[in-house]
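Enquirer: give me coordinates for this.
(one chain, ligands or ions: 1)
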Amino acid sequence: MRTPFRSKIAGIGSYLPKKILSNSDLEKMVETNDQWIRERTGIERRHLAAEGEYTSDLCLHATERALQDAKMNSSDLDLILIATSTPDQVMPNTATVLQHKLGISGIPCLDVSAACSGFVYALSVADQFIRTGTYKNILIVGAEILHRMVNYKDRETCILFGDGAGAWIMTQTDFDSPDGLFSTHLRANGEVGDLFILPAGGSKIPYSQEVLDKGQHYVMMKGREIFRHAVRTMTECCQLALKSNSIQSEQVDWVVPHQANVRILDSVAEHFGIPKEKVIVSLRETGNTSAASIPLAFDMGVREGKIKRGQMILIAAFGAGLTSGSALMRY
Ligand code: UT7
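Expert: Numbering: from 1, shown residues only. Below is the predicted model of the structure:
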């Protein structure tokens, strides 16, 4: 829809908990080794939330940094969106908890559930509200405490996931302004939704002793099949973003993809025809942080002096569902 507005990033911030779980720590917990993890995933360590630290706390730290970067106060916000699969609790949503921790009240608060694609989904929701002129300043946070949903006896999943949060403040700009978000594309393929699940805790399998005995409160994943889907859907989403904006891959300065496995990122770069050096990789430090991974990688890219204002950025995500999405913007 063509309106007088588009959205752009006013500020960014991220937060990683202090505690670190290294590959050598994992060697003591399951039958694995540092070399296998590095070679098959690219991950070296992950950060884990401390006892008593919740998803909303990670959100708060990342948000405070994003507000500072945007030179705004929490009272300037019109809407809070949190992308997460690991909310503080099922109800109320974590966005309302964050609102309270920010010391504000009244504005709408919504959790977006699209697993590792959640941040791109939330970005798209924010963009629609800004384009229509409904809201001016929107906080989106991708945040997870995944280590509490992981079985540390399952070597295929426990080596992958970490905790963290990344926040963006999106604000309104003129449609004709040279910077801002040009497009978002969202997709989902529910027919392969069983490849990556957290079975218990919903209306289908409420918590019980049997759930705990069977370990249904942990994530379960068919990794090799997800890998195949991830490469194909992320490549397609990237191509869709460029085609709909009549842009060539050479015009993209940085690709900021969901950080699941460095081999997935290399493969996407190859299929998409973009040098590996143009892909931001943060998973060495963070592991897979699901909905937090894109804003964490983006923030790291900015802090390392790679991503600069005015550059063309392509964002690509995929996750459980299987959901996927992309976004193209000039930062
Ligand atoms: O955010 C979205 C969610 N998830 C993903 O994106 C995950 C996508 N998938 C992956 O990243 C990869 O499939 C994994 C990292 C999960 C697994 O790597 P892979 O190269 O696909 O390994 P594989 O499943 O084909 O297993 C190869 C071998 C197997 O042994 P055998 O059968 O060949 O003897 C596994 O049992 O590696 C073994 N293996 C391990 N060995 C040491 C599996 N996990 C481990 C481990 N340490 N942690």
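Enquirer: any figure for the gap between the most centrally placed residue in the chain and residue 76?
Expert: Centroid-nearest residue in the chain: residue 291, 2.7 Å away (criterion: Cα atoms, centre = their mean). Using Cβ to Cβ, to the nearest Å, residue 291 is found at 24 Å from residue 76. Where you see a C-beta, it was placed from the backbone N, CA and C, and this is true even at glycine.
Enquirer: related to what we said a few turns ago, surely the residue nearest to the centre of the chain forms part of a helix?
Expert: Yes - when DSSP: H, G, I helix; E, B strand; the rest coil is applied, residue 291 is found to be in a helix.
Enquirer: from residue 87, how far out is it?
Expert: Residue 291 sits 11 Å away from residue 87, taking Cβ to Cβ as the criterion.
Enquirer: before we move on, the earlier item: what residues are up against the residue nearest to the centre of the chain?
Expert: Under the criterion of Cβ atoms under 8 Å, 6 or more residues apart in numbering, the contact partners of residue 291 comprise 83-85, 114-119, 122, 142-144, 319.
Enquirer: neighbour-wise, which of those leads?
Expert: Counting neighbours by other Cβ atoms under 10 Å, residue 143 comes out on top of these with 39 neighbours.
Enquirer: find the closest residue to the ligand in the stretch 1-150 of the chain.
Expert: For the stretch 1-150 of the chain, the residue closest to the ligand is residue 32, as judged by Cβ to the nearest ligand atom, at 3.3 Å.
Enquirer: list the single closest residue to residue 235 in space, sequence neighbours excluded.
Expert: Of all residues beyond its chain neighbours, the one nearest residue 235 is residue 271 (4.2 Å), with distances taken as Cβ to Cβ, 6 or more residues apart in numbering.
Enquirer: same check, this time on residue 109
Expert: Sequence neighbours aside, residue 95 is the residue nearest to residue 109 in space, at 3.5 Å (criterion: Cβ to Cβ, 6+ apart).
Enquirer: surely the one you found is in contact with residue 84?
Expert: No - with contact defined as Cβ atoms under 8 Å, residue 95 and residue 84 do not form a contacting pair (9.1 Å).
Enquirer: residues shared between the contacts of those two?
Expert: The overlap between the contact sets of residue 95 and residue 84 (Cβ under 8 Å, 6+ apart) consists of residue 111.
Enquirer: between the contacts of residue 291, which is closest to residue 206?
Expert: When the contacts of residue 291 are compared for distance to residue 206 (Cβ to Cβ), residue 85 comes out closest, at 17.9 Å.
Enquirer: tell me the contacts of residue 178?
Expert: Neighbour list for residue 178: 310, 330 [criterion: Cβ under 8 Å, 6+ apart].
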